[in-house]
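> just to be clear, the model below is a prediction. Sequence and coordinates:
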2 protein chains.
Amino acid sequence: MAKKKKPIIDVDIHERATYYDLVPYLDNPWAKYITDADWTQEKHLPYPIMGIDGLDRADAKSPDGRPAGNSLSFLQEQLLDGVGHEYGILTSAMDPSPSSMHGFYGMAEALAPALNDYEIENWLDKDDRLYGSVHIAAQNPQAAVREIERVGDHPKMVQILLPIDRTPWGDPYYHPIFEAAERHNLMIAMHHNEPPSYYGNYPRYFVEWHSVMPNTHMVQISSMIFNGVFEKYPNLKLMMLEAGFIYAPALMRKMDTQYKYLRHEVPWITEMPSETMKKHVKFSTQPVDELSKEEFEQFVELMGSDEMVCFSTDYPHWDYDSPHNALPKLDKDLEDKVFAENARSFYPKLQAVGGKVPL
Amino acid sequence: MAKKKKPIIDVDIHERATYYDLVPYLDNPWAKYITDADWTQEKHLPYPIMGIDGLDRADAKSPDGRPAGNSLSFLQEQLLDGVGHEYGILTSAMDPSPSSMHGFYGMAEALAPALNDYEIENWLDKDDRLYGSVHIAAQNPQAAVREIERVGDHPKMVQILLPIDRTPWGDPYYHPIFEAAERHNLMIAMHHNEPPSYYGNYPRYFVEWHSVMPNTHMVQISSMIFNGVFEKYPNLKLMMLEAGFIYAPALMRKMDTQYKYLRHEVPWITEMPSETMKKHVKFSTQPVDELSKEEFEQFVELMGSDEMVCFSTDYPHWDYDSPHNALPKLDKDLEDKVFAENARSFYPKLQAVGGKVPL
């Protein structure tokens, strides 16, 4: 594929770590659980998996048969070189991630450092274009903070990853994580990873889950804002991954209107929620909704800022978005912002290392 | 207040029935539970109630001290005459409504007919402008269908009311209700009535609940559409009450995009979800988000139809919207549609009786 001139920063790439990949980074008993006990804890989905290769692009399996996203050289060939990335932010495809393990907390606390070490050694240290996410066992904020202290200053660690599932992250119990994030100049990225439970019910169909995906993101934004996280940690920023951005204009207005009615309930809030969102929250595009150029611009206009949307591919998942044809052709200024500049300003560390830019 | 010339059809008025009001319409043991056992089942909210008169407008309490919405004559004076309604659709403020009782199903099945009889005798028969909702105990679809058969043909019963709380109503278990609705030319109205449970957690603040209110509505629309309700019952229509309308454009696009990816999962769907929504779903305005005229028009344009939005006051609740100042001044054609014509076409029975139009 011809390399395009436009800079592309991709804020959501799922490099895959299998549990076996992490064995060299684990002490016992954790390593032993994986090898001797054949420990797996795959997340149960209540649906058949939809793609012809499960949740992955069938063509993203590497030539040597490893699962999609597990081979750096094939990811370089197919994505970084093939598509033409300036930078890519790794968000991992280990399922469940340590923070989304609803049981076995001790294992979660062991897996997080192993996953970080694996990521640094096998991905971040081997390609200047790749930046990483700090994985933590957020269930235990003390352990999480220890891990942030350990790897948070790595020059290529740009954010802390939190799953969007059962926990409303604005809860003060988790604020030490945000305090540590701010101390280490790390952003917060959030990514859903299980179907939303609606009063204990799963949606009956996968298509329902994906249609209401933004709901869980809305709950998290609302939780972060009304619990005063951005007042307490004014340098903290939030990247919402993989629910698109077109739900934001309605959420911004709804929060503003309700805040005007009910501000006496949350007296620590010092500005309109939509203003907080403009300063602190960004949205990745994938899975991008089908929008004409005019519609794309209308939704951005209704957000009141063209600096909130960041391109992502979600590689190597089944619903991957190509930067070359998933979005409508935008005007140069907006295109530059969406495809690179909004992410560049969000992640100050991106500029600190200097990548092997393949343009 | 001067009466305006514009016709106003208000699709969400909460007339209040206390449990004691229903005693004359109940047999024993149900009447006895209320009188002798002092039976109440108020819904527990995890928040202090925000208005100075709880959830109601303080000035909506009637002069004789009855709770807001409990006196027809005061509702006529303050709302129907005072504001200038052509028609108002009653949706009740009995809390919990029969369909939202999560226990004591026998009582729910007894309360529903009592509430309907009370509504007909005390409200619908006494003011030509008022139309009503059939209350059912939807937990038991057989009992629900019996009640729809009993009162569904009343000329002033225009819809069946379903609560938005724990049940995703698209589930086939409830389809007999929709079949009965269609048989009696009744629409379906849905109204939330408890905070959304997010994986078992309530939002920590009332302002969070109200900010993510549209989420539960989105779940219900998605559930109704992907479970094929509108394919099975092509004359059925859905009125979504009290979460506004500006969340709809994003939902329509998200559902369309996901349907294109995943249509093999729901082969009974025969058209794009956004098209189904345009034909079958309407949204009440209250609590209207603060929108300029241009923004109001932009959101309507992004819905692809100006026939989906219907004005509502939510009288007598604390966040009541006046038809005379809550919305921006719209162009005549859109104003007519929002304030009356969209509701008029949605509810064919409205024209059958002939109201005492106070214009």
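On my side now, so go ahead.

> for the stretch 51-200 of chain A, what spans make up the helices?
Counting by DSSP state H, counting those that start in this stretch, the stretch 51-200 of chain A has helices at residues A:72-75, A:105-119, A:141-151, A:175-183.

> nearest to chain B, out of these?
If you check each of those against chain B by CB to the nearest CB, helix A:175-183 wins as the nearest, at 13.0 Å. Backbone N, C-alpha and C define where each C-beta goes, glycine included.

> which other helices and strands contact that closest one?
Taking 3 or more CB pairs under 8 Å, 6 or more residues apart in numbering or on different chains; DSSP states H and E as the contact definition, the neighbouring helices and strands of helix A:175-183 are helix A:141-151, strand A:157-164, strand A:187-192, helix A:229-232.

> may I see those arranged in TSV, with distance to chain B and mean pLDDT as well?
Shown next, in TSV, are the helices and strands packed on helix A:175-183 (distance: least, CB to the nearest CB, whole Å; pLDDT from 0 to 100):
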stretch	distance to chain B	mean pLDDT
helix A:141-151	17	97
strand A:157-164	10	96
strand A:187-192	12	96
helix A:229-232	12	98
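
> could I get those as JSON lines with distance to B:Lys5?
As requested, the helices and strands packed on helix A:175-183 are exported to JSON lines (distance: least, CB to CB, whole Å):
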{"stretch": "helix A:141-151", "distance to B:Lys5": "61"}
{"stretch": "strand A:157-164", "distance to B:Lys5": "50"}
{"stretch": "strand A:187-192", "distance to B:Lys5": "50"}
{"stretch": "helix A:229-232", "distance to B:Lys5": "47"}
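
> follow-up on the earlier one: please work out which of the helices of the stretch 51-200 of chain A is packed deepest.
When the helices of the stretch 51-200 of chain A are scored by mean count of other CB atoms under 10 Å in any protein chain shown, the highest mean neighbour count falls to helix A:105-119 (a mean of 22).

> tilt between it and strand A:157-164?
140 degrees (axes from the mean of the first three to the mean of the last three CA atoms, to 10 degrees).

> and the helices and strands packed on helix A:175-183: which comes nearest B:Glu301?
Ranking these by proximity to B:Glu301 (CB to CB) places strand A:187-192 first, at 29.6 Å.

> where's A:Tyr206 relative to A:Thr216, distance?
Not Tyr; residue A:206 is Phe. 15 Å (CB to CB, to the nearest Å).

> with A:Arg183 instead?
28 Å.

> residue ranges in the stretch 1-150 of chain A under the pLDDT threshold?
Low-confidence segments of the stretch 1-150 of chain A, defined by pLDDT under 70, span residues A:1-4, A:41-44, A:49-52.

> for chain A, just list every one of the strands.
A:9-13, A:87-90, A:130-134, A:157-164, A:187-192, A:238-241, A:281-284, A:309-310 (DSSP state E).

> and the shortest one, what does it pack against?
Based on contacts counted as 3+ CB pairs under 8 Å, 6+ apart, the elements that strand A:309-310 packs against are strand A:281-284, helix A:342-346.

> partners of it, with directions?
Based on DSSP bridges, the strands next to strand A:309-310 in the sheet, each with its direction, are strand A:281-284 (parallel).

> show me the contact partners of the partner strand.
Outside of strand A:281-284, the residues that reach it under the criterion CB atoms under 8 Å, 6 or more residues apart in numbering or on different chains are A:11-12, A:221, A:237-245, A:248, A:307-312, A:342-343, A:346.

> likewise for stretch A:17-32?
Against stretch A:17-32 from outside (CB under 8 Å, 6+ apart): A:34-35, A:39-40, A:67, A:70, A:92-94, A:107, A:110-111, A:113-115, A:117-119, A:122.
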